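Undergrad: This is a predicted model, with the sequence first.
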Amino acid sequence: MQTLNMMRRRGRCALGLLLPIFLSGLLIYGCKHASEARCQIKPLGSVTVWVEDQDTSTPLRFTGSIKMLLPDKAGFKGMTVVDRDGHEYLIRFRVPEMELPFKLDRSYDFEIQYVGGWPAASSIFVRDGAGLLFVGVSDWDMGDNVVKGGVPGFEIEKIASDCRSRPHSNCYDELRNAILKVAAGNDIVEIFHGESARLGSYRVTCLTCQDVVYNSSCADAGLISISYTITRVPPEPAG
């Protein structure tokens with residue numbers, strides 16, 4: 001029975017692309033009982049996105065074609081989107097470790113939210129004629145400021161792990177890696193930050209997933225505890 005339970009956990013645990021040298025050990029223990037390497041790896045960063053000169057404290061929705069990709073400005077890339085009435089939107093964004101799957105002169109539906117604070121939270125949904133193309137989210141914790149209604153078609157939650165705390169400053173009592181669990185229908189992936197997994201027609205990448213216990217030593221010591229992307233990918237080859 002113990003062997004059968006291990007096999008079930010192993011089948012549900014999505015292995016990270018960024019830690020291949022530890023795969024053989026991870027197969028034994030599953031996601032919750034993580035290796036020391038997974039427990040101590042640091043976050044990759046977080047999604048940040050806003051629309052210049054627009055109030056996005058509540059979700060801003062618009063449809064338009066991407067007309068120009070802009071070079072980095074203070075670490076943020078940019079793109080201009082023009083709607084059918086000729087109104088131009090300038091989107092600034094930073095998504096660590098990936099290029100966004102958008103193309104010039106293609107029309108997309110955008111939904112962007114940016115909630116200022118320390119740290120700021122933000123989200124972006126992009127849809128095309130085939131449906132949901134890209135989601136990027138970062139928040140203090142799941143649903144605190146953005147994406148309060150969830151991501152349509154997905155069930156997403158943060159699960160505590162058995163990891164010990166990572167090294168941290170005196171601003172925190174604990175800084176513990178957690179598990180991002182994403183389900184779509186009967187398919188489920190469970191990954192740590194720094195890992196990515198295929199989920200049906202999408203790829204889920206976990207940028208940051210951690211549990212933070214604060215103390216009163218520092219002011220403005222907030223951290224993003226959840227950040228991820230979901231990207232539609234081409235079908236897998238048959239056979």
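TA: It's in.

Undergrad: Could you use CA atoms for every contact and neighbour count after this?
TA: Fine.

Undergrad: hmm, who's touching stretch 198-209?
TA: Stretch 198-209 has contacts (CA atoms under 8 Å, 6 or more residues apart in numbering) with 43-46, 96, 158, 177-180, 183-184, 187-189, 191-197, 224-235.

Undergrad: Helices along this structure, start to end?
TA: 2-12, 23-29, 36-40 (DSSP state H).

Undergrad: circling back: among the contacts of stretch 198-209, which ones are buried?
TA: Neighbour-count burial (16 or more other CA atoms under 10 Å) is assigned, among these, to 43-46, 158, 177-180, 183-184, 188-189, 191-197, 224-232.

Undergrad: Pull the number of nearby residues for A74.
TA: 6 (other CA atoms under 10 Å).

Undergrad: measure it to W50 for me?
TA: From A74 over to W50 the distance is 14 Å, taken as CA to CA, to the nearest Å.

Undergrad: Please apply the same query to R166.
TA: In this structure, R166 and W50 are 31 Å apart, going by CA to CA.

Undergrad: So which of these two has more stuff around it?
TA: The neighbour comparison of R166 against W50 (other CA under 10 Å) goes to W50, with 24 against 15.

Undergrad: Low-confidence stretches in the protein?
TA: Applying pLDDT under 70 to the chain flags the ranges 1-34, 219, 237-239.

Undergrad: Alpha carbons of stretch 151-167, as CSV, please.
TA: Extracted C-alpha coordinates of stretch 151-167, given in CSV (Å, rounded to 0.1, in the frame of the first residue of the first chain):
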residue,chain,number,x,y,z
VAL,A,151,-8.5,32.1,-13.5
PRO,A,152,-11.3,30.8,-15.7
GLY,A,153,-10.8,27.1,-16.5
PHE,A,154,-8.2,26.6,-13.7
GLU,A,155,-8.3,25.9,-10.0
ILE,A,156,-5.2,27.4,-8.4
GLU,A,157,-4.0,27.2,-4.8
LYS,A,158,-0.9,27.5,-2.7
ILE,A,159,-0.1,24.5,-0.5
ALA,A,160,2.2,24.4,2.5
SER,A,161,5.3,22.2,2.1
ASP,A,162,7.4,20.3,4.6
CYS,A,163,10.4,22.6,3.8
ARG,A,164,12.4,24.3,6.5
SER,A,165,12.7,28.1,6.3
ARG,A,166,15.2,29.6,3.8
PRO,A,167,17.8,32.0,5.1
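
Undergrad: For it, which residues meet the burial criterion?
TA: Within stretch 151-167, the residues that count as buried by 16+ other CA under 10 Å are I156, E157, K158, I159, S161, C163, S165.

Undergrad: How about the first one: what's its closest non-neighbour residue?
TA: Pointing back at I156 there. Counting by CA to CA, 6 or more residues apart in numbering, V182 is the residue found nearest to I156 once chain neighbours are left out, at 4.6 Å.

Undergrad: circling back: give me the subset of the buried residues of stretch 151-167 lying in strands.
TA: Judged by DSSP state E, the subset of those located in strands is I156, E157, K158, I159.

Undergrad: tell me which residues form a beta bridge with the residue nearest to I156?
TA: Note on V182: beta-bridge partners by DSSP bridges are I156, V189.

Undergrad: Now tabulate the buried residues of stretch 151-167 in CSV and tack on distance to V137.
TA: Below are these laid out as CSV (distance: CA to CA, whole Å):
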residue, distance to V137
I156, 11
E157, 13
K158, 13
I159, 17
S161, 21
C163, 24
S165, 24
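
Undergrad: and which of those residues is nearest R127?
TA: Nearest to R127 among the buried residues of stretch 151-167, counting by CA to CA, is I156 at 19.1 Å.
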